[in-house]
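In: Sequence first, then the predicted structure:
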Amino acid sequence: MTDARISRLADLIVDYSLELQPGQVFRIDALDAASPLTLAFYHSAIRAGAFPFFSVGLEGTLEMLLEHGTNEQIEYIAPQQWEEIEEIDAIATIWSEANTRALSRVDPAHHANYLAAQRRLHNRRWERIAAGEMRWCGTLFPTNAHAQDAAMSLSSYEDFVYSACHVDTGEAAEHWRLVAASLRARAESLGSVKELSIVGPDTDLRVGVEGRTWIAADGRYNMPDGEVFTSPIENATEGEIRYTFPAIYHGREVEDIRLRFEGGRVVHAEAARGDDYLNILLAMDDGARILGEVAFGLNYEIDRFTRNILFDEKIGGTMHLALGSAFSQAGGSNISGLHWDMICDLREDGEVYADGELIWQAGRFLHEPVPAPAAVEAAELA
Amino acid sequence: MPDLRHERFAQVLVDYSTSVGEGDLVLIESTPLARPLVTALYRRVVQAGGHPEVRIGVDGAVEALLAGGNDEQLGWISPRLRGDAKEANVRIAIEADSNTRGLTGIDPGRQAVFARSRAHLRDMTMERAAAGELRRVVTAFPTNASAQDAEMSLADYEDFVYRAGFLDEDDPVASWQALGQELARLAEWLGTKKELRVVTEGTDLTVGVDGRTWVPCDGKENFPDGEVFTGPVETSVEGHVRFSFPAPHGGRLVRDIELRFEGGEVVEAHASEGEDFLREMLAMDEGARRLGEFAFGMNDSVQEFTGHTLFDEKLGGTVHMALGKAYPESGGKNESALHWDLVCDLRGESEVHADGELVYRNGEFLPDLF
């Protein structure tokens, strides 16, 4: 018996997130464990009149490349990938691992080389997205590995994932249109802020955001979604932050990270566990020590830490600040092979000030944003 | 601990069949069912200095396209398919089906559209292979679907597959080289012949091969292997033939195919099951009614029919002929989007004559010919 939520999730992303049009070239990126959702995407895309194709990998090959490959092999990019990226109108990426820790014993330097090489392709993808030439959305297909990270059974985890995406019922697209209106109003009201000050346990950090664009993450790029984010001014971050949740990067967990920033750059980094890995990643390139993103997590139906950034960064009441590559559409210019989201739980003690005024306390904004016209329209339609 | 049979399988495919070397872009194409072999191949390719790229198919997608796609979607070629056809130096394709009859309910006319739209990619692959720019091997990983077709348990079928590739022997490569030498002598001798006549129950067919090249197949393009083939003279085929083995193609099965040829063209076609599909394939294009290949199966480790062409056409004591596209290296000129191998068992009462002389009886060449 097929889980109806799987085809609803594919339909939601094809119709709402990507707005896939007849004749558009659509690539579905996945690992073999995601087969049911991969096939559901294919069906949705065919129905939409698009041209779908797959880029499906086999779980377990990357670690072999990193373990046995020379640098030349690790850094290799097949020539046809460059042509392909120019022709694609939309990509759906399905994260679906059979073992989230498969890279734990791989030499971190090899992994960093791999990521640095992939960065060029990745950058080109984001250039095209920023130019409005291409759409992308990332989602997750629940596996036992992800459920295990969340300390849940597979069936409870499936419920968690699909309810975070609102595909329990057939009304998913309507729901996300309402969420989008409310997030856009919030993003607009943050647009006039010059500096954010984040205060919490062992945390007192000032982040410059003047002139940057706040973006409503409303289910177009990620599913589930529910955050507002921007890219901070590259040389303005000052102070200290302590990340209460473990930060995970490509399957490795770093616990209790503390960072000190001066002039926008990390000048001191330590972690209770995974300190070496943290410092190797920070040394990846010039941009790895600079914040590429600051964001508020606003999906209050995601109420727990599940060791997966797709969900964790949207936990209602948290903030996340990512080291590494910035979003050009937010006005950011930092370039790096790294983009590492680290999450700070502000649900109990956290406060955020905008240009000196308290705007956020104990995981909630203190005032509703003035609704943008689009929000009113969507609410009336509903 | 890696499974030794998969390791050995991978080793033969990478080191012997495709001779992967430093800098080769190597595509490993299969389904998730072949995971152990794909994984072993990936590791072996990395160790050989190549750049492995995995292409995993999604079960049900072709059916979804054929059943639900419009004509434009059906004929569309993805940038991935095009780029792979152009750039790869080595392709290792591993058949590993979860259901060999999954397309039985599809309109054969739509399958013909699908095949026609992809023929130029296949032709490009053949040309690049003939020009030495590409090494490619097609093999099969044992699955329950194939075991079921063979009417075997999966364990028995695995033994059959590994035996057919000489992978149960200490030095499989040495055995392939030895068979290759024998087939090369046979190919050279057949190259001196102008016309072959095949006679067995339901079959009396003459095939012109004058001036064509016979190609010995020793595990480099198919694995397992063991045949010699050529491309018949396009207008020369005369008579009738009955294919005793059921013929799988395009995700379905056609049984008891009987064809009558005049001037090289099929003028009459019957099948006891799947006749509509047979007719649709013959109507695919002009070349689909002509033979593009004629071959002798010479692998004596394949002794039973299993319903899988890769194995059946190698069966020692059979001949097979393909409707459609000819391989350029054989001198055959027939063009078609179709290439459908049909196998005829000669192990019973049967004879093959070469230029009027009896050369083959009841599944074996007469001794001391080559």
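Out: That came through fine.

In: dump the residue contacts of the residue of the stretch 1-150 of chain A found nearest chain B.
Out: Chain B sits closest to residue A:80 of the stretch 1-150 of chain A, with a gap of 2.6 Å, by Cβ to the nearest Cβ. C-betas here are computed from N, CA, C, even on glycine. If you count contacts by Cβ atoms under 8 Å, 6 or more residues apart in numbering or on different chains, residue A:80 has them with B:79-80, B:82-84, B:86-87.

In: For those, which entry has the maximal number of neighbours?
Out: For the contacts of residue A:80, counting by other Cβ atoms under 10 Å in any protein chain shown, the largest number of neighbours falls to residue B:84: 21 neighbours.

In: do you know how far it is from chain A?
Out: Here the criterion is Cβ to the nearest Cβ, to the nearest Å. By it, residue B:84 lies 6 Å from chain A.

In: can you tell me how far residue B:63 sits from residue A:173?
Out: As defined by Cβ to Cβ, to the nearest Å, residue B:63 lies at a distance of 27 Å from residue A:173.

In: Can you tell me the element the nearest residue to residue A:157 once chain neighbours are set aside falls in?
Out: Leaving aside its chain neighbours, residue A:157 sits nearest to residue A:147 (3.6 Å; criterion: Cβ to Cβ, 6 or more residues apart in numbering or on different chains). Here residue A:147 is covered by helix A:144-149, with elements defined by DSSP states H and E.

In: quick check: longest helix of chain A.
Out: The helix that spans the most residues within chain A, counting by DSSP state H, is helix A:108-130.

In: re the thing from before, just name the closest of the contacts of residue A:80 to chain A, please.
Out: Closest to chain A, out of all of the contacts of residue A:80 and judged by Cβ to the nearest Cβ, is residue B:83, at 2.6 Å.

In: which residues does the closest one contact?
Out: A:78-81, A:83-84.

In: how close does it get to residue B:263?
Out: Distance from residue B:83 to residue B:263, by Cβ to Cβ: 41 Å.

In: cool, and residue A:187?
Out: As judged by Cβ to Cβ, residue A:187 and residue B:263 stand 75 Å apart.

In: Neighbour count: the two, which is higher?
Out: Taking other Cβ under 10 Å, residue A:187 and residue B:263 do not tie; residue A:187 has more neighbours (23 against 11).

In: What is the subsequent helix or strand relative to the helix or strand harbouring residue B:44?
Out: Here residue B:44, judged by DSSP H and E, is contained in helix B:35-47. Toward the C-terminus, helix B:35-47 is succeeded by strand B:51-56 as the next helix or strand (DSSP H and E).

In: packing partners for that next one?
Out: The contact analysis (3 or more Cβ pairs under 8 Å, 6 or more residues apart in numbering or on different chains; DSSP states H and E) places strand B:51-56 against strand A:51-57, helix A:61-68, strand B:25-30, helix B:35-47.

In: among those, which is nearest residue B:356?
Out: Closest of the helices and strands packed on strand B:51-56 to residue B:356 is strand B:25-30, at 45.1 Å (criterion: Cβ to Cβ).

In: Relative to the closest one, what are the paired strands and their orientations?
Out: Next to strand B:25-30 in the sheet, as set by DSSP bridges, lie strand B:51-56 (parallel), strand B:90-95 (parallel).
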